[in-house]
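>>> My questions are about this predicted structure, shown below with the sequence.
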Amino acid sequence: MSNAWNQTRRMKRLAVGPMKTPEYNEWRNAELEKKIEQMEEEKMNLILDADVQKLEAERLRKGKTKAEEDLDSLKTDYKKLCLSMRTAGLGQTSEQWREKIQVEKNKTDRWERKFQEVQARNEALEKSLLENRKKKRRTK
């Protein structure tokens, strides 16, 4: 039995061997070289793509950092503006402004009345003074 197996094994080798012609070997080697070149090109493209992605990620990180800095700056400016508006009274509603204006008008009216009273008093004092001077002149 082992002889029979060896004979079929040898026959299979003989049958497979002559099918590979030199042209087939050349064509196969050329195809393998093409595939190797394609794979190397793909590898280079992948490396370049990875480099481009790294550069893009770095650019995005820098942009994000800049945007965050700008946002922080805007927040600071906004807080300063709100504070200055509060101290200047610009952040009030129209009703609050009306109340403030009314209060100021009331103060103005009060000062105006006091001024008129003082003016009237001064005029009365001046008249009294003139009359007293006239009386003194007459009595002399």
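Everything's here; your move.

>>> mind listing the helices for the chain?
2-16, 22-88, 94-139 (DSSP state H).

>>> okay, the ones you listed in CSV with mean neighbour count and mean pLDDT next?
Yep, even glycine has a C-beta here, placed from its N, CA and C like the rest. Converted to CSV, the helices of the chain look like this (neighbours: other CB atoms under 10 Å; pLDDT from 0 to 100):
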stretch, mean neighbour count, mean pLDDT
helix 2-16, 9, 53
helix 22-88, 10, 89
helix 94-139, 10, 88
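
>>> Domain parsing of this protein, as residue ranges.
Using automatic domain parsing, the domain ranges for the chain come out as 24-91, 92-140.

>>> for the shortest one, the distance to its chain's centre please.
Which is domain 92-140. The chain centroid and the centroid of domain 92-140 are separated by 59 Å under CA atoms, centre = their mean, to the nearest Å.

>>> I'd like the numbering to begin with 8 instead of 1 from here.
From this message on, residue numbering opens at 8, which makes the last subject domain 99-147.

>>> separation between Ala74 and Leu67?
Going from Ala74 to Leu67 by CB to CB, to the nearest Å gives 10 Å.

>>> Equivalent analysis for Leu78, please.
Counting by CB to CB, the gap from Leu78 to Leu67 is 16 Å.

>>> again, but for Asn139
Using CB to CB, Asn139 is found at 94 Å from Leu67.

>>> So what's the residue count around Gln99?
Residues near Gln99, counting by other CB atoms under 10 Å, number 14.
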